[in-house]
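sequence and computational prediction follow.
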There are 2 protein chains.
Amino acid sequence: MSTREPKQERSRATRQRLLESAIDCLADHGWQATTVSVVAEHAGVSRGAAQHHFPTREELITAALEFMTDNRLALVREEAGELPQGPERTEAILVRMVEHYTSPLFKAALQVWTAAAADESLRERIVPLEARFGRAAHRAMVELLGVDDGDRVGHRLVQGTLDMARGLGLADVLTDDSARRTQIVRQWARTLDAALSERAVSAQC
Amino acid sequence: MSTREPKQERSRATRQRLLESAIDCLADHGWQATTVSVVAEHAGVSRGAAQHHFPTREELITAALEFMTDNRLALVREEAGELPQGPERTEAILVRMVEHYTSPLFKAALQVWTAAAADESLRERIVPLEARFGRAAHRAMVELLGVDDGDRVGHRLVQGTLDMARGLGLADVLTDDSARRTQIVRQWARTLDAALSERAVSAQC
């Protein structure tokens, strides 16, 4: 057992390096250029070892999106305690969320969605993954914002907020959109607060 | 002159058929598959004639995005008179706008943006085009909604609305998202109306 443990450990580290490299390659070089060989080279792993972990590009890329998104969702939960209470809270939550949609992970996912739009078998693989991530992101936002998700209006405002974040992510793909984005997010935090607090008042009446 | 006119006319019609086919090919088959030859075949035009109009794929696709977006913006202006006045107006405007972001034109543009993210020379071509379209879309929304664009809050609410529409477009790329989208747009119309009318009242005070 004492010799197996480090081997398993090494294998796990290799796998993780491949997954992280896959995201970087997708974000920087696009879907077409991101093959198992290219990712292996980027990760400093032999092609054989890479193909032992991930026989096809589809398997590598699906696993990479899953691993990185789960990591990011876990980080959102860990950092939840650091968010301010009071009037700055909503903007702070939106800023964190929008950081996700402008990260290399989002840019990598965008490459995969776009490829999947013209590739039936990739689409079948990606759609359930996306649905799971969408639900997890919605749940995280509901908890952080303290929204009553059973309330139709609250539910839709959270959904619309996630759509806006996705749109802000897309606007950042070709140019650095951060200055404009900061203003939009600040305004949206105020509008969302007003809409949610009006809702909370009407629910009490 | 009498023989030149029909020839010019035919050439214009061929050009337009190529531009429309380029959008269809991009939306259905993606960037990689959309070559001048494939588009020519789809349009029923000889490869030589297609290359006479558009020597490179980049030229064809840029011209296609420009032509189709200009057409769509012209349509938005033409149809403006049909929009209802009164409480249904904002939702009707948002529905029209979101139709644009879920059209084949948006799906085609998404293919080009994603390719441009990993292609410097394509990016240089697309970024000024995108900036021009973004300004035109903003101007159209400001006019239709009757927003004071000099007001910082009004300006940012219109910008955020366009970001949300872009996000809704992205959510429709892999699955039919129309049922969810209808609810989000309805809610957003109410929230936007409340935010804009509050702004109009405070401007009068």
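Done, it's in. Numbers count the residues shown, from 1 in each chain, chains lettered A, B, ... in the order given.

hey, let's count contacts and neighbours off CA atoms from now on
Fine.

could you look up the SS state of the residue lying closest to residue A:148 once chain neighbours are set aside?
Counting by C-alpha to C-alpha, 6 or more residues apart in numbering or on different chains, residue A:148 lies nearest to residue A:154, which is 6.2 Å off, once chain neighbours are set aside. Three-state call for residue A:154 (DSSP: H, G, I helix; E, B strand; the rest coil): helix.

ok, now the one 5 residues further on?
Secondary structure state of residue A:159, per three-state DSSP, is helix.

correct me, but it touches residue A:138?
Yes - with contacts counted by C-alpha atoms under 8 Å, residue A:159 reaches residue A:138, the gap being 6.9 Å.

what's the spacing between residue A:159 and chain B?
Distance of residue A:159 to chain B, computed by C-alpha to the nearest C-alpha, to the nearest Å: 7 Å.

what sits against that residue?
Contacts were defined as C-alpha atoms under 8 Å, 6 or more residues apart in numbering or on different chains; by that measure residue A:159 touches A:138, B:184.

so who does residue A:93 touch?
Taking C-alpha under 8 Å, 6+ apart, one finds A:83, A:144, A:145 in contact with residue A:93.

show me which of those residues are buried.
Buried subset of the contacts of residue A:93 (neighbour count, 16 or more other C-alpha atoms under 10 Å in any protein chain shown): residue A:144.

what about the contacts of residue A:93, which are in helices?
Among these, the residues falling in helices (DSSP state H) are A:144, A:145.

make CSV out of the contacts of residue A:93 and add pLDDT and distance to residue A:30.
Output for the contacts of residue A:93, formatted as CSV (pLDDT from 0 to 100; distance: C-alpha to C-alpha, whole Å):
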residue, pLDDT, distance to residue A:30
A:83, 96, 34
A:144, 96, 33
A:145, 96, 34
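
for residue A:113, state which of the contacts of residue A:93 is nearest.
For the contacts of residue A:93, the closest approach to residue A:113 (C-alpha to C-alpha) belongs to residue A:144, at 27.5 Å.

count of residues packed around the closest residue to residue A:22 other than its chain neighbours?
Closest residue to residue A:22 apart from its sequence neighbours, by C-alpha to C-alpha, 6+ apart: residue A:39 at 5.6 Å. The tally of other residues near residue A:39 (other C-alpha atoms under 10 Å in any protein chain shown) stands at 27.

looks like residue A:39 contacts residue A:21 (just checking).
Yes - counting by C-alpha under 8 Å, residue A:39 touches residue A:21, with 5.8 Å between them.

ok, residue A:115 - how many residues close by?
Using other C-alpha under 10 Å: residue A:115 sits among 22 other residues.

what does chain A put close to chain B?
By C-alpha under 8 Å from any C-alpha of the partner chain, the part of chain A that sits against chain B consists of A:27-30, A:110-111, A:113-119, A:123, A:127, A:153, A:156-157, A:159-161, A:163-168, A:170-171, A:173-175, A:183-184, A:187-188, A:191, A:195.

and these, which of them are buried?
A:27-30, A:110-111, A:113-118, A:123, A:153, A:156-157, A:159-161, A:163-168, A:170-171, A:173-174, A:183-184, A:187-188, A:191, A:195.

and the residue nearest to residue A:22, how close does it get to chain B?
Taking C-alpha to the nearest C-alpha, one finds residue A:39 at 16 Å from chain B.

packing partners for the helix or strand where that residue lies?
Following DSSP states H and E, one finds residue A:39 within helix A:36-43. Applying 3 or more C-alpha pairs under 8 Å, 6 or more residues apart in numbering or on different chains; DSSP states H and E, one finds that helix A:36-43 contacts helix A:4-33, helix A:47-53.
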